[in-house]
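Chemist: Task: produce atomic coordinates for the following.
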Amino acid sequence: MEEPLQEVHETITQTGNTTQKTQAVFEPKRQGIRTQTVISRVIWYVAGVLLVLLGLRFVFALLGANPSNGFANFIYSASHPFVSPFFTLFGYSIHYGVSRFEIFTLVAMAIYALIAYGLSKLVTITRTS
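Modeler: Numbering: from 1, shown residues only. Predicted coordinates:
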């Protein structure tokens, strides 16, 4: 449920036979919520770029993409720092240019998605809706 853009406060005062109605319009403090939303979106954007990079690496490895190709080499090189912590998880033997199923890349994708989710929730922890 979104907060209203404006809050209207009415004051009714009665003096003798005269009734006076006063309205005051306030805008609630929403800057904190906007900042949280922007930070959360930035976190998900960075995570999305990383997950696309890792997804391309997985597909290229699965199809046996030639590492001599400039684009494939870029994908392998750019994603290497992000998957290297997971190399020894299941036994690592690198064979570029040969079709292989990189389970450690899938694990890296899952872990980074969980980290992004956790950071996003941490940033917006004070939001009520």
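Chemist: Report the spatially closest residue to residue 106, excluding sequence-adjacent ones.
Modeler: Nearest residue to residue 106, sequence neighbours excluded (C-beta to C-beta, 6 or more residues apart in numbering): residue 58, at 6.5 Å. Heads up, the C-betas are built off the backbone N, CA and C, glycines and all.
Chemist: Could you tell me how many residues sit around that neighbour?
Modeler: The tally of other residues near residue 58 (other C-beta atoms under 10 Å) stands at 22.
Chemist: Let's test this: mean pLDDT of the strand or helix carrying it, rounded?
Modeler: Secondary-structure assignment from DSSP states H and E places residue 58 in helix 31-63. In this model, helix 31-63 has an average pLDDT of 90.
Chemist: Report all helices and strands that it contacts.
Modeler: helix 70-83, helix 103-123 (3 or more C-beta pairs under 8 Å, 6 or more residues apart in numbering; DSSP states H and E).
Chemist: what angle sits between it and helix 103-123?
Modeler: Between helix 31-63 and helix 103-123, the angle comes out at 180 degrees (axes from the mean of the first three to the mean of the last three C-alpha atoms, to 10 degrees).
Chemist: now the spatially closest residue to residue 86 that is not a sequence neighbour: how far from residue 39?
Modeler: Among residues not flanking residue 86 along the chain, residue 104 sits closest, at 4.0 Å (C-beta to C-beta, 6+ apart). Separation of residue 104 from residue 39 (C-beta to C-beta, to the nearest Å): 30 Å.
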